[in-house]
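Student: based on what follows, work out the 3D shape:
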Amino acid sequence: MRTVNMVKIKNSIGRIHITDEVFTNLAGDAATSCFGVKGMVACSKEGGPWQLLRRESMSKGVKVNFDEKGGVALELHIGVDRGVNISAVSNSIMNEVKYKLEKSTGVPIQSVDVFIDTIIG
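Tutor: Model (predicted):
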């Protein structure tokens with residue numbers, strides 16, 4: 001059984017609970033929309049080579065960590081196109097993911113760490 005982690009936001013009307021799955025899906029979608037990103041990647045369970053994930057399972061390339069103050073830190077595992085500027089692509093991903101998640105959820109994103117795990121093409 002999977003442990004569900006979430007952010008809890010309380011306001012004058014009630015409470016909002018946002019699960020880690022929401023953050024992984026939004027982050028994966030934002031990251032893969034950036035130029036030069038081939039897709040999210042994950043390592044096989046046997047510790048084998050990195051595998052490019054299909055669109056419907058791209059959230060497996062995202063790890064979400066919640067802090068005690070309600071902030072979120074993200075780790076994204078990415079595959080990029082051959083020949084792109086890795087630094088420029090990584091900065092684009094960081095900015096896009098932070099902007100889209102904060103806009104969509106209202107939750108502060110503390111950090112977005114990008115791991116370029118493979119170059120494809």
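Student: burial count for residue 104?
Tutor: 14 (other CB atoms under 10 Å). Quick note: C-beta positions are derived from backbone N, CA and C, even for glycine.
Student: quick one: residue 84 is in a helix?
Tutor: No - secondary structure of residue 84 (DSSP: H, G, I helix; E, B strand; the rest coil): coil, not part of a helix.
Student: next SSE after the lowest-mean-pLDDT helix or strand in the chain?
Tutor: Scoring the helices and strands of the chain by mean pLDDT, DSSP states H and E places strand 50-52 at the bottom, with a mean of 67. As assigned by DSSP states H and E, the chain's next helix or strand after strand 50-52 is strand 62-66.
Student: now the spatially most central residue of the chain, what's its secondary structure?
Tutor: Geometric centre of the chain, nearest residue: residue 27, 3.6 Å, by CA atoms, centre = their mean. The three-state label given to residue 27 by three-state DSSP is helix.
Student: just the local confidence number for residue 90, please.
Tutor: You'll see residue 90 listed with a pLDDT of 97.
Student: which elements pack onto the strand ranked longest in the chain?
Tutor: Criterion DSSP state E: the longest strand present in the chain is strand 109-120. Identification of packing neighbours for strand 109-120 by 3 or more CB pairs under 8 Å, 6 or more residues apart in numbering; DSSP states H and E yields strand 37-43, strand 50-52, strand 72-81, helix 86-105.
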